[in-house]
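In: sequence? don't have it. structure:
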């Protein structure tokens, strides 16, 4: 039995052996795969607890990928499905933002015009049971999984509210769309916050700019694009957002292992901001797709970057589905800004460095960057491209992140306040120059 199991494991692994390789390298590969088979069989037979073959194989694959760099990994079928839900920006569910408190689900806020909102779920409600099953003992992820499901299916929530007796609420699930773009006017300036790059982002950006322009009666002195704490997302959406503000020129280039494997993406005519000044806010939480947008607008001098240095993730991950077995997330290329800069493990320096207030530094501490991750790819360019825009440092505060509750509130958010002031100053200068 042991020999059969080991033979089966080896048959699986030998299928991965290099095709067309020299006999010497092939022989060494076989020896290494034989070692893996021996370890696999020993764990199966002697480990203190029984472990499924599936878990061992998936863990081995994930270990192989994660050893390459921090962003390559294996996604089992469930993780792959969750990732697809996240990038689509929509899912079947109830429409509530939740957290965990004392082992129970606490409602942070129902999303407007969703099943939970219409059913009367309120901020601060405690959900104790889902379809009669206790929440206590579940993780937050497990509880969220139970609340999600196909549209038009029902779930019974047992709710505890303030001093009232617990009561049941039956809610019918619907398709929930998570807006990755939020827009509003700050007096005479437009404000667009992009929280991630999903399939909905480009469309949300256009609607957001139209909404702000209508609120301001067609007179917009400037536009703030807030990419702080945006971890990235879909490459094509980052390109679309950059293209929305650029009339011409390269947006980003990607380069794979081969020197011939280079792809360049250029912008099309048209600027949805109609030439008004733009300030892009970035910080240590701005990564990947956010850095593509920031780098493109900075290199083309279409926007002024304000804030602190970005995260520095300059690599591209390709999702390779494994039919029936999840998917592989593999780093396949590096990306470069229009001027040829690689920001890998280096980040993008803003044109104007503005640190958050001192009190925020005490609360949050400094954000980690890409170069702090174990196994991070090195930057393959020795120095920034010539002609990069100079930086101006404002203030002497130590680096910090902006507390989530302060983001977007001009009365608490120092970086946002400085961006508003800057745009008003640019508008005033430009109006005087043309008179």
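Out: Nice, thanks for sending it over. Owing to the predicted nature of the structure, the values given are computational and were not obtained by experimental measurement.
In: can we go C-alpha only for contacts and neighbour counts from here?
Out: OK.
In: so which residues of the stretch 1-150 of the chain form strands?
Out: 73-75, 90-93, 96-101, 104-110, 126-130, 133-134 (DSSP state E, counting those that start in this stretch).
In: any idea how far the closest residue to residue 309 other than its chain neighbours lies from residue 285?
Out: Nearest in space to residue 309, with sequence neighbours left out and distances taken as Cα to Cα, 6 or more residues apart in numbering, is residue 349 at 4.8 Å. With distances taken as Cα to Cα, to the nearest Å, residue 349 is found 13 Å from residue 285.
In: what's the local residue count around the closest residue to residue 143 other than its chain neighbours?
Out: Setting aside the residues directly before and after it, residue 143 is nearest to residue 135 in space (Cα to Cα, 6+ apart), at 6.9 Å. Residue 135: 20 surrounding residues under other Cα atoms under 10 Å.
In: sorry, back to before: between residue 349 and residue 285, which has more neighbouring residues?
Out: Neighbours were tallied for residue 349 and for residue 285 using other Cα under 10 Å; the higher tally belongs to residue 349 (26 against 23).
In: that's a strand at the more buried one, yeah?
Out: No - following the definition DSSP: H, G, I helix; E, B strand; the rest coil, residue 349 is coil and is not counted among the residues of a strand.
In: where does this structure dip in pLDDT?
Out: Low-confidence regions of the chain, defined by pLDDT under 70, span residues 1-24, 357-368, 373-374, 382-405, 433-435.
In: the lengthiest strand in it pairs with which strands?
Out: Of all the segments assigned as strand in the chain under DSSP state E, the longest by residue count is strand 327-336. Taking DSSP bridges as the criterion, strand 327-336 pairs within the sheet with strand 73-75 (antiparallel), strand 250-255 (antiparallel), strand 315-321 (antiparallel).
In: distance of residue 54 from residue 61?
Out: Applying Cα to Cα, the value for residue 54 to residue 61 is 11 Å.
In: which of those two has more neighbours?
Out: For residue 54 against residue 61, the residue with the higher neighbour count under other Cα under 10 Å is residue 61, and the figures read 15 against 9.
In: dump the residue contacts of the nearest residue to that one once chain neighbours are set aside.
Out: What sits nearest to residue 61 in space, not counting adjacent residues and going by Cα to Cα, 6+ apart, is residue 74, at 6.6 Å. Remark: with contacts taken as Cα atoms under 8 Å, 6 or more residues apart in numbering, residue 74 is in contact with 58, 61, 62, 65, 326, 327, 328, 329.
In: ok so residue 199 is a strand residue?
Out: No - the assignment for residue 199 is coil, going by three-state DSSP, so no strand is present there.
In: quick one on the thing from earlier: what is the very next helix or strand once past the longest strand of the chain packed up against?
Out: Stepping forward along the backbone from strand 327-336, the first helix or strand reached (DSSP states H and E) is strand 352-354. In terms of contacts (3 or more Cα pairs under 8 Å, 6 or more residues apart in numbering; DSSP states H and E), strand 352-354 is packed against strand 304-307, strand 392-394.
In: contacting residues around the longest one?
Out: It stands for strand 304-307. When contacts are defined by Cα under 8 Å, 6+ apart, strand 304-307 is touched by residues 278-283, 294, 297-298, 350-355, 415, 419.
In: let's see 10 Å
Out: Residues outside strand 304-307 that contact it (Cα atoms under 10 Å, 6 or more residues apart in numbering) are 224-226, 228, 277-284, 294-295, 297-298, 348-356, 389, 391-394, 399, 401, 414-416, 418-419, 422-423.
In: among the residues you listed, which ones are buried?
Out: 224-226, 228, 277-284, 294-295, 297-298, 348-356, 399, 401, 414-416, 419, 422-423 (16 or more other Cα atoms under 10 Å).
In: so which of the residues you listed sit within helices?
Out: Here DSSP state H is the test, and the buried ones among the contacts of strand 304-307 give 294, 295, 297, 298, 414, 415, 416, 419, 422, 423 as lying in helices.
In: could you dump those residues to CSV with distance to residue 46?
Out: Shown next, in CSV, are those (distance: Cα to Cα, whole Å):
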residue, distance to residue 46
294, 53
295, 53
297, 58
298, 58
414, 59
415, 58
416, 59
419, 62
422, 66
423, 67
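In: for residue 97, state which of these is nearest.
Out: For those, the minimum distance to residue 97 (Cα to Cα) is 25.0 Å, reached by residue 416.
In: helix, strand, or coil at residue 152?
Out: Assigned by three-state DSSP, the conformation of residue 152 is coil.
In: so it sits right up against residue 176, yeah?
Out: No - the pair residue 152 and residue 176 does not pass the contact test of Cα atoms under 10 Å, sitting 11.8 Å apart.
In: strand partners of the helix or strand harbouring residue 155, parallel vs antiparallel please.
Out: With the criterion set as DSSP H and E, the secondary-structure element containing residue 155 is strand 154-160. Strand 154-160 has the following strand partners under DSSP bridges: strand 126-130 (antiparallel), strand 167-172 (antiparallel).
In: what is the orientation angle of that strand with strand 104-110?
Out: Here strand 154-160 runs at 100 degrees with respect to strand 104-110, directions being taken by axes from the mean of the first three to the mean of the last three Cα atoms, to 10 degrees.
In: contacts for strand 154-160?
Out: 93-94, 105-107, 121-122, 124-135, 146-149, 165-174.
In: swap in stretch 129-139?
Out: For stretch 129-139, contacts defined as Cα under 10 Å, 6+ apart pick out 100, 102-105, 127-128, 142-147, 154-160, 168-170.
In: can you tell me which of these are buried?
Out: With burial judged by 16+ other Cα under 10 Å, the buried subset of those is 100, 104-105, 127-128, 143-144, 147, 154-160, 168-169.
In: wait, what's in contact with residue 312?
Out: Shown in contact with residue 312 (Cα under 10 Å, 6+ apart): 284-288, 291, 342-349, 368-372, 379.
In: if we use 8 Å, what do you get?
Out: Applying Cα under 8 Å, 6+ apart, the residues contacting residue 312 are 287, 288, 291, 343, 344, 345, 346, 347, 348, 369, 370, 371.
In: and residue 151, by the same measure?
Out: With contact taken as Cα under 8 Å, 6+ apart, residue 151 is in contact with 92, 93, 172, 173, 174, 175.
In: with neighbour count and distance to residue 409 added, can I get the residues you listed in TSV?
Out: Written out in TSV, the entries for the contacts of residue 151 read as follows (neighbours: other Cα atoms under 10 Å; distance: Cα to Cα, whole Å):
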residue	neighbour count	distance to residue 409
92	18	31
93	28	29
172	19	34
173	23	32
174	21	31
175	18	30
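In: as TSV, the residues you listed with distance to residue 270 would be great.
Out: What follows is the contacts of residue 151, written out as TSV (distance: Cα to Cα, whole Å):
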residue	distance to residue 270
92	35
93	37
172	42
173	40
174	36
175	33
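In: residue 175 falls within a helix, correct?
Out: No - the secondary structure assignment for residue 175 gives strand rather than a helix, going by three-state DSSP.
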